[in-house]
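*Asks:* Quick one, fold the following:
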Amino acid sequence: MRAGQDGPVAQAAKIVRDATEVDWSRDPLTEYEAEVRRTWLVQQMEGGPFGRMAIADLSFGLDECGTDLQEALDGLFMLAEVRAARQQRRSLRLARDTVNHAQPRT
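*Replies:* Numbers count the residues shown, from 1 in each chain. Next up, the predicted model:
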């Protein structure tokens, strides 16, 4: 069994540390951390509103965030804007329909 930084215990400790110590306030330090973060972000985006809320919740309280998290947040804001605009169009259409149906026909 080899001791030091290249031994199996050190390698195992690095894997566990990389997997559990994700610091979202900075960009990933390793490709492994980057992959873990990418995978988590994709899973949350595909998880519906609660998953997307987890991304937003993660960013609360962070003064700075990594590029990957910022890009995910930008995507969430864009999605929210599109949905808000769609809802506004629907509600205006409903208001017009209500007014049009209430008008006396001559």
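
*Asks:* Tell me where the chain is predicted with low confidence.
*Replies:* Along the chain, the parts satisfying pLDDT under 70 run over 1-5, 12-20, 105-106.

*Asks:* now with 80?
*Replies:* Residues of the chain meeting the criterion pLDDT under 80: 1-21, 103-106.

*Asks:* Spatially central residue in it, please.
*Replies:* Ile55 (3.7 Å; C-alpha atoms, centre = their mean).

*Asks:* Which strands or helices does the helix or strand harbouring it pack on?
*Replies:* Secondary structure from DSSP states H and E places Ile55 in helix 49-59. With contacts taken as 3 or more C-beta pairs under 8 Å, 6 or more residues apart in numbering; DSSP states H and E, helix 49-59 sits against helix 31-46, helix 67-102. All C-beta spots, glycine's among them, are computed from the backbone N, C-alpha and C.

*Asks:* rewinding a little: ok, the residue nearest to the centre of the chain to Glu21 distance?
*Replies:* 19 Å (C-beta to C-beta, to the nearest Å).

*Asks:* cool, Glu64 as well?
*Replies:* To Glu21, Glu64 is 17 Å away according to C-beta to C-beta.

*Asks:* Kindly report the same for Leu69.
*Replies:* Counting by C-beta to C-beta, the gap from Leu69 to Glu21 is 15 Å.

*Asks:* Between the two, tell me which one has more neighbours.
*Replies:* When neighbours are counted by other C-beta atoms under 10 Å, Leu69 comes out ahead of the other of Leu69 and Glu21, with 22 against 9.

*Asks:* Could you pull up the contacting residues of the more buried one?
*Replies:* Shown in contact with Leu69 (C-beta atoms under 8 Å, 6 or more residues apart in numbering): Trp24, Arg37, Leu41, Ile55, Leu58, Ser59, Leu62.
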